[in-house]
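In: When you get a sec, could you give me coordinates for this:
(one chain, ligands or ions: 2)
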Amino acid sequence: MARIFCIANQKGGVGKTTTCVNLAAGLATAGQRVLLIDLDPQGNATMGSGIDKRTLTRSVYHLLVGLATVAEARLRSDAGQYDVIPANRDLAGAEIELVGLERRENRLRDALALHTGEYDFILIDCPPSLSLLTLNGLCIAHGVIIPMQCEYYALEGLSDLVNSIKKVHANLNRDLAIIGLLRVMFDPRVTLQQQVSAQLESHFGDKVFKAIVPRNVRLAEAPSHGLPGVVFDRSAKGAQAYLAFANEMIERIKTL
Ligand code: ATP
Ligand code: MG
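Out: Ligands and ions are numbered 1, 2, ... in the order given. From the prediction side, this is the model:
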């Protein structure tokens, strides 16, 4: 059975999609069977996996509202060697439609039920909000991976996210846990970042992943080539960090 993880943080632009795409490709490199689900109408994880969001006939939107099966919506990322359930702007209206549907928080769970045996990892790229879309991700997940930048406001946002995860755990999904915090876009020359990083370690202990992803322009360039960073330039520092993170995840799930 697949281990299912949401990459979530309601703050925008913190590196969720970059983490999701590179973890998926990193795990695939290590021989894992991976499905990436893009739950963001921005469709960045779709594009970053080398799939053109503008030409989709079916997407995660169709899956959520019951207009397509997994087999119909799923595509292959040749760039990353993993499967993708893609997203585009169609998903922007889904929120309103979902409200009126039965089992609205469990639409993704229900749709995927027959397919979790086909993968080792299912990774869900969440939008920057605690919306019904994110809730659909959290309701099926075993854990949440939280990418964050080591800056002052990051800690503030974190408590909102942790509280939401606790609520989902209490009311909707007893399996849900915070797997860990991943420090991304890290610049060790900035004293504040070092301080926040140390604070995270003392407060969250081994919930903070050992891998630290540095700020690295090669990771930012990769999507414009339709490639995950770890494929685009495997030797770059950012790519190496994500490959280390993928290995850390493989080790981590053995302890869950
Ligand atoms: P959103 O909330 O809009 O979905 P996000 O949390 O998914 O954003 P990303 O899209 O992954 O964040 O990253 C935001 C921007 O930062 C992108 O332009 C991305 O290329 C860049 N970026 C992400 N990680 C790094 C890094 N380690 N080094 C340099 N640039 C990065
Ligand atoms: Mg994103």
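
In: give the contact list for the residue of the stretch 51-200 of the chain found nearest ligand 1.
Out: Relative to ligand 1, the nearest point of the stretch 51-200 of the chain is Pro128 (3.3 Å; C-beta to the nearest ligand atom). In this view, the C-beta of every residue, glycine as well, is placed from N, C-alpha and C. By C-beta atoms under 8 Å, 6 or more residues apart in numbering, the contact set of Pro128 is 9-14, 16, 40.

In: Output the residues you listed as JSON lines; include the columns pLDDT, distance to ligand 1 and secondary structure.
Out: Compiled in JSON lines, the contacts of Pro128 are given as follows (pLDDT from 0 to 100; distance: C-beta to the nearest ligand atom, whole Å; DSSP: H, G, I helix; E, B strand; the rest coil):
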{"residue": "Asn9", "pLDDT": "95", "distance to ligand 1": "6", "secondary structure": "coil"}
{"residue": "Gln10", "pLDDT": "92", "distance to ligand 1": "8", "secondary structure": "coil"}
{"residue": "Lys11", "pLDDT": "92", "distance to ligand 1": "7", "secondary structure": "coil"}
{"residue": "Gly12", "pLDDT": "94", "distance to ligand 1": "4", "secondary structure": "coil"}
{"residue": "Gly13", "pLDDT": "95", "distance to ligand 1": "4", "secondary structure": "coil"}
{"residue": "Val14", "pLDDT": "96", "distance to ligand 1": "4", "secondary structure": "coil"}
{"residue": "Lys16", "pLDDT": "98", "distance to ligand 1": "3", "secondary structure": "helix"}
{"residue": "Asp40", "pLDDT": "98", "distance to ligand 1": "6", "secondary structure": "coil"}
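
In: Enumerate the residues of the stretch 101-250 of the chain near ligand 1.
Out: Within the stretch 101-250 of the chain, the positions lying close to ligand 1 (C-beta under 6 Å from any ligand atom) are 128, 184-185, 213, 215-216, 219-220, 238.

In: Quick check: phi and psi on Pro43?
Out: Actually, residue 43 is Gly rather than Pro. phi 60, psi 20 (degrees, to the nearest 10).

In: Burial check on the residue nearest to it when sequence neighbours are not counted, number of neighbours?
Out: Sequence neighbours aside, Lys53 is the residue nearest to Gly43 in space, at 3.6 Å (criterion: C-beta to C-beta, 6 or more residues apart in numbering). Counted by other C-beta atoms under 10 Å, the residues lying close to Lys53 total 21.

In: Please apply the same query to Val65.
Out: By the criterion of other C-beta under 10 Å, Val65 has 17 neighbours.

In: go on, Ser164?
Out: So Ser164, with other C-beta under 10 Å, has 17 neighbours.

In: Check it and give its pLDDT.
Out: pLDDT, Ser164: 91.

In: Which helix or strand lies directly C-terminal to the host helix or strand of it?
Out: Element membership for Ser164 (DSSP states H and E) is helix 152-171. The helix or strand immediately downstream of helix 152-171 is strand 177-186, counting by DSSP H and E.
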